[in-house]
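1. Requesting a structural model of the entry that follows:
(2 chains)
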2 protein chains.
Amino acid sequence: DILERPEGLELGGDLRRVTIMMADIRGFTTISERLAPAQVVTLINRYLGAMTDIIMAHQGTIDEFIGDAILAVFGAPQHRDDDADRAVRCALAMQQAMEEINQRNREDGLPEISTGIALNTGDVIAGNIGSERRSKYGFVGHPMNVTSRIEDVTAGGEILIAGSTLESLQREYRVGQSRELNVKGIDELLQVYPLLGEQS
Amino acid sequence: DILERPEGLELGGDLRRVTIMMADIRGFTTISERLAPAQVVTLINRYLGAMTDIIMAHQGTIDEFIGDAILAVFGAPQHRDDDADRAVRCALAMQQAMEEINQRNREDGLPEISTGIALNTGDVIAGNIGSERRSKYGFVGHPMNVTSRIEDVTAGGEILIAGSTLESLQREYRVGQSRELNVKGIDELLQVYPLLGEQS
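-> Sure, this is the predicted structure:
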């Protein structure tokens, strides 16, 4: 039964070099506690709608929405030489779009929000993850966990990129002073850089 | 355009009392680094396939697979008075199923794995989360974050349940000595209990 057992499901799994993006609204749970459920869903969907359009315009693959968090990758299923560059330009466009989102929020009496975006580049296993009843194109590997760790320390309005992403860029961008992160499972400290903009 | 703008998408959002389950394979990233990509996908899909069947048999709603992690809720979209009880019995069945999974892994020369399962009960906002291009029935709220925090400290083979879940149970179960957890955003320490089995 080909439909029930797509060939890729059990045998699939490729090692792919991707730039991983994780973004979430800072303090969203606390914000959401002061609002009615319908307002929370309006707020979150306005944000996710705008971010989805920008990620797709930059040929990113959205893996998941997890509450208000977004997990996306650049480089799978389709590798392109400018995967890291598109991820970086996408993150800059996402931060820029927050201004319009907050203007609409103010007009509707909703609170202003800010997002933190983390980027990291590395080799992950990509494949159809799940069961016969429910599967999705998903990603597994250490670089996913590292991205999550970077995201944990990213402030609202900020883009933090790992050294691995910085080294993968073809064009030049302005970055701030590096910070060091302790990541479980890695012996050395991880270097991360605030991304400030495109090189003018 | 009704199809493109389902009514629930912008206006939806209900407060629902649910029991949240998070499960993941302990140390899976480290395990996966020693294996070929196809083996990793076989291992993860064997696990997720067995867990999905058990969660569905207990009328749980699977929200996400995130790598090897599973996020599921009991109580939405459909509330039932025994939501917490079914979540607990589901977790016990999941741990029991690990034995057969590991026997198959041994037969295939794959490593043995163990899973940690966290349960927490609380009020969350449930609704169609996402964008017009991509939306899903999802959940937002503080109890989601608390469950993730409990999951962080759950050992392989263990089921840790929050006091909120323990208080919601209709039947009696055996639990071990309580532990205290510090959770960001909560002033008091959170009490969690190792679930040992059904009351004999």
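
2. host element of A:Asn145?
-> Secondary structure from DSSP states H and E places A:Asn145 in helix A:142-152.

3. ok, residues contacting that helix?
-> With contact meaning C-beta atoms under 8 Å, 6 or more residues apart in numbering or on different chains, helix A:142-152 is reached by A:18, A:20-24, A:69, A:116-124, A:160, A:162, A:164, A:181, A:183-186, A:190, A:192, B:29, B:33, B:67. For the C-beta atoms, the positions are set from N, CA and C on the backbone; glycine is no exception.

4. which one's the longest helix in chain A?
-> Secondary structure of chain A per DSSP state H: the longest helix is helix A:83-107.

5. Packing partners of that helix?
-> Here helix A:83-107 touches strand A:14-25, helix A:37-57, strand A:69-74, strand A:115-130, strand A:159-162, helix A:163-168, strand A:190-198, going by 3 or more C-beta pairs under 8 Å, 6 or more residues apart in numbering or on different chains; DSSP states H and E.

6. Name the stretch among these that sits most buried.
-> strand A:159-162 (a mean of 27; mean count of other C-beta atoms under 10 Å in any protein chain shown).

7. Relative to that strand, what are the paired strands and their orientations?
-> Strand A:159-162 sits in its sheet next to strand A:115-130 (parallel), strand A:190-198 (antiparallel), going by DSSP bridges.

8. could you say what helices and strands whichever helix or strand comes after the first one packs with?
-> What it means is strand A:115-130. For strand A:115-130, the succeeding helix or strand toward the C-terminus, using DSSP H and E, is strand A:135-140. Other helices and strands packing on strand A:135-140, by 3+ C-beta pairs under 8 Å, 6+ apart, are strand A:61-66, strand A:115-130, helix B:28-32, helix B:37-57, strand B:61-66.

9. and with 6 Å instead?
-> For strand A:135-140, the elements it packs on are strand A:115-130, judged by 3 or more C-beta pairs under 6 Å, 6 or more residues apart in numbering or on different chains; DSSP states H and E.

10. Okay, angle between the strand it packs on and strand A:69-74 too, please.
-> Counting by axes from the mean of the first three to the mean of the last three C-alpha atoms, to 10 degrees, strand A:115-130 lies at 70 degrees to strand A:69-74.

11. Helix A:142-152 and strand A:115-130, what's the angle between them?
-> 150 degrees.

12. In JSON lines, list the strands paired with strand A:159-162 along with mean pLDDT.
-> Shown next, in JSON lines, are the strands paired with strand A:159-162 (pLDDT from 0 to 100):
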{"stretch": "strand A:115-130", "mean pLDDT": "95"}
{"stretch": "strand A:190-198", "mean pLDDT": "96"}
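
13. Any chance of JSON lines for the ones you listed, columns distance to B:Asp81?
-> Output for the strands paired with strand A:159-162, formatted as JSON lines (distance: least, C-beta to C-beta, whole Å):
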{"stretch": "strand A:115-130", "distance to B:Asp81": "30"}
{"stretch": "strand A:190-198", "distance to B:Asp81": "48"}
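
14. quick one: least confident helix or strand in chain A?
-> The helix or strand with the lowest mean pLDDT-type score in chain A, counting by mean pLDDT, DSSP states H and E, is helix A:7-11 (a mean of 44).

15. For chain A, which residues score under the pLDDT cut-off?
-> A:1-11 (pLDDT under 70).

16. Recalculate using a threshold of 50.
-> Applying pLDDT under 50 to chain A flags residues A:1-10.
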